[in-house]
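A.B. asks: sequence and predicted structure are below.
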Amino acid sequence: MTRESSGISLGSEMSGGISNVYINDVIVHHAHTGIRVKSGRGRGGYVRDIHISNLVLSNLKTAIGFTDFYAGHPDGNYDPNALPSVGNVFISNVVGDNISNAGDFQGLAESPFHDIYLRNITLEVPAHRHDAWTCSYVQGYSESVQPSPCPSLCQSFG
């Protein structure tokens, strides 16, 4: 079975913005990504005030994936300087088994992901994986997350 889809996906065409989304009680199995937020340079817009909780994930390549490098535009008439803003995203109460990558956050230096909150997340990744999370240009908070996320996501809720 190919795993090319995402269980939950926000973006990429969102120049008007995506906000105040609540997603609860979801089961995702045999997919590429459990939770995906995607945008890119030239898309502008925002993703904010997103609340995702009570997920069961199974047999996924990546549990949580955010990218600001999603390619493609419908035509050449876009502003390459329009940067997306992604922040105030809350993900909690997630369990997962047979997960290849816990998380992958790839933000832009000019517009990093910010205020990403991870709480009560337990993902079973292969024991030999020392890079279960990959992160660039992301800032956030975490509590009770296994395996431990990237240092930039390890601020305490305080």
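C.D. replies: Structure's in. What do you need?
A.B. asks: switch to C-alpha atoms for all contacts and neighbour counts from now on
C.D. replies: Noted.
A.B. asks: strands of the chain, residue ranges please.
C.D. replies: With strands called from DSSP state E, the chain shows them at 6-10, 18-38, 46-67, 85-106, 113-123, 133-136, 138-146.
A.B. asks: redo the ones you listed as a markdown table? Include distance to L153.
C.D. replies: Listed next are the strands of the chain as a markdown table, based on distance: least, Cα to Cα, whole Å:
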| stretch | distance to L153 |
| --- | --- |
| strand 6-10 | 20 |
| strand 18-38 | 16 |
| strand 46-67 | 13 |
| strand 85-106 | 10 |
| strand 113-123 | 7 |
| strand 133-136 | 9 |
| strand 138-146 | 4 |
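A.B. asks: where does the prediction get shaky in this protein?
C.D. replies: 1-4, 15, 73-74, 129, 158 (pLDDT under 70).
A.B. asks: coming back round to it: can you put the strands of the chain in CSV and add mean neighbour count and distance to D79?
C.D. replies: Shown next, in CSV, are the strands of the chain (neighbours: other Cα atoms under 10 Å; distance: least, Cα to Cα, whole Å):
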stretch, mean neighbour count, distance to D79
strand 6-10, 17, 21
strand 18-38, 18, 18
strand 46-67, 21, 15
strand 85-106, 21, 15
strand 113-123, 21, 20
strand 133-136, 17, 23
strand 138-146, 19, 23
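A.B. asks: out of the ones you listed, nearest to S156?
C.D. replies: Judged by Cα to Cα, the one of the strands of the chain that comes nearest to S156 is strand 138-146, at 5.5 Å.
A.B. asks: which neighbouring elements make contact with that closest one?
C.D. replies: Here strand 138-146 touches strand 113-123, going by 3 or more Cα pairs under 8 Å, 6 or more residues apart in numbering; DSSP states H and E.
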